[in-house]
Structure formats: structure tokens, C-alpha cells
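Asks: What shape does this take:
(one chain, ligands or ions: 1)
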Amino acid sequence: MTENSYPELYGFWRSSATYRVRVALGLKQIQTIEHTIDIDGGAQRDPAFIAINPLGAVPAFIEPGQPALTQSLAILEYLDETVSEPALMPADARGRARVRSIAAMLTSDTHPLLVPRVKRYLKEDIGMDDAGWRRWQTHWMSTGLEAVEARLACEPDTGTFCHGDHVTIADICLASVTVVRDVFGIKIANIPTIDRIIQTCESLPAFMAAKPSRQTGAPQAAR
Ligand SMILES: N[C@@H](CCC(=O)N[C@@H](CS)C(=O)NCC(=O)O)C(=O)O
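Replies: The predicted structure is shown next:
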């Protein structure tokens, strides 16, 4: 494969949704060229990037000669369907539904409340101050993770990982929220099952390599 036949990933060092794709690419050992979209600088709203993703959000994943794929969960499922090993979804329909359900709690009901465009709207249009944003961020991250903890702690399908003893999309989505919790220094007590699973995930090379602090553009303080 020559360098310009690698897939391309548009992302940002701190982006939770980009992290998900990075972990899956690492697990599947797919090499990509990553381009930084500087979200703090507003590059997600540049016309050149809006042409790639009209939502103005990363990640976007582009294979040579193909249109962009956006939405991290869609990209994860695409990668899982096209590169079979290691499988990131359980073999049974009920297991897949449980994994998608845990993933959705994190990616549909938690992360979207915390993204920069929501912050910008609350601060610039509604007048929320920094302290209010911090309360908002802490509240929605805590309630999201506590709800996931309540499930993981008592559901019999929880194992070494969120679902059994193999990494699934649910673990990738869980870690994608805890990594940004750590970037923002938010402390959430009493999530021991999550803490245990994340400790195991973070010992795996694909999760280690995807960490925000290891990405191009990460400030020194995050490293
Ligand atoms: N549901 C989308 C979320 C994408 C998203 O919101 N990405 C954030 C970074 S984690 C972003 O690019 N935000 C730009 C903004 O909010 O202005 C996905 O999973 O891909």
C-alpha cells in the first residue's frame, strides 16, 4: 500500500468521537493518515470541512475513491463488518443489542451534551458562565456514567469488559467518555465497575495509542 492509498481520518486530539475510531483502527491494525481539524480554532466550520461533514464535527473517515463516512458509531460498525478480526460485536443478536444499547447511552445520551457546539451555544447565546458550564459538564457526564455503572454492575453479561471477556464497541464508547472526563479533570466517585473495565482497556496497546495526550496537537499540559 502506498501512502496515498491509506484511508484518511479527520479528527482532533481531544475528540471523544475521533478516539473511538482511532481505537477501532488500532485494534483492527488499519493504518490511516490523520488530519487535524482544530476544533478550538473553529476549523470544523470551515467550508472545506463542511463539504466533508455538513454537521461540522469530527471524525470523518475517507477511504481512497470513496465518499466520507461520518458518525463514529457508523464508522465502527463499518470497520467491524469489513475487517473481521478482532470482532467488536458479539455473535448473537441479543448480545449485539446490549452492546449497542450501552454504546448509545454514552454516544447518544451523554457525549452530545458535552460537545463544543453545545458549549458555544450555551455560553454565547444563553449567557452561561464558566462555572455554569462546569456544572453542566459535570452533571451530564456523571449522570451518564452512573447510569452505565448501574447496568454494568448488575447485568450478568458484564465480564472482564462491558460485554463478556472481549473488547466490544461498548468498551470503546465507554473509554471515549472517560478519556475526556480525564482531559477535563472531572472526578466521578462510585463507578467501580467502569473503573475496573477502563483499567483493563487502557492496558491494551490500541487504547493506549489512541489517548488524547498522545495525539498531534495535544498541549504539553495534557501529555
Ligand atoms: N455523533 C457524532 C459526534 C461528533 C462530534 O460532535 N464530534 C465533536 C468532537 S468529539 C466535534 O467535532 N465537535 C465540533 C463542535 O461541536 O463544534 C459522532 O459520534 O461522530
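Asks: all contacts plus neighbour counts: C-alpha atoms, from now on.
Replies: Will do.
Asks: Count the neighbours of the nearest residue to Lys187 once chain neighbours are set aside for me.
Replies: Nearest residue to Lys187, sequence neighbours excluded (CA to CA, 6 or more residues apart in numbering): Arg181, at 7.6 Å. Neighbour count for Arg181, taken as other CA atoms under 10 Å: 18.
Asks: which element is Arg181 on?
Replies: For Arg181, the element it lies in under DSSP states H and E is helix 169-183.
Asks: got the buried residues for that helix?
Replies: Buried residues in helix 169-183, counted by 16 or more other CA atoms under 10 Å: 169-181.
Asks: Asn190: which of these is nearest?
Replies: Thr178 (13.7 Å; CA to CA).
Asks: Provide a list of residues in contact with that closest one.
Replies: Listed by CA atoms under 8 Å, 6 or more residues apart in numbering, the contact set of Thr178 reads Ile198.
Asks: Return the per-residue confidence for it.
Replies: pLDDT, Thr178: 98.
Asks: now it: how far from Tyr78?
Replies: Separation of Thr178 from Tyr78 (CA to CA, to the nearest Å): 24 Å.
Asks: Identify each buried residue in the helix or strand encompassing Ala150, please.
Replies: Per DSSP H and E: Ala150 is located in helix 130-154. By 16+ other CA under 10 Å, the buried positions in helix 130-154 come out as 133, 136-138, 140-142, 144-146, 148-149, 151-153.
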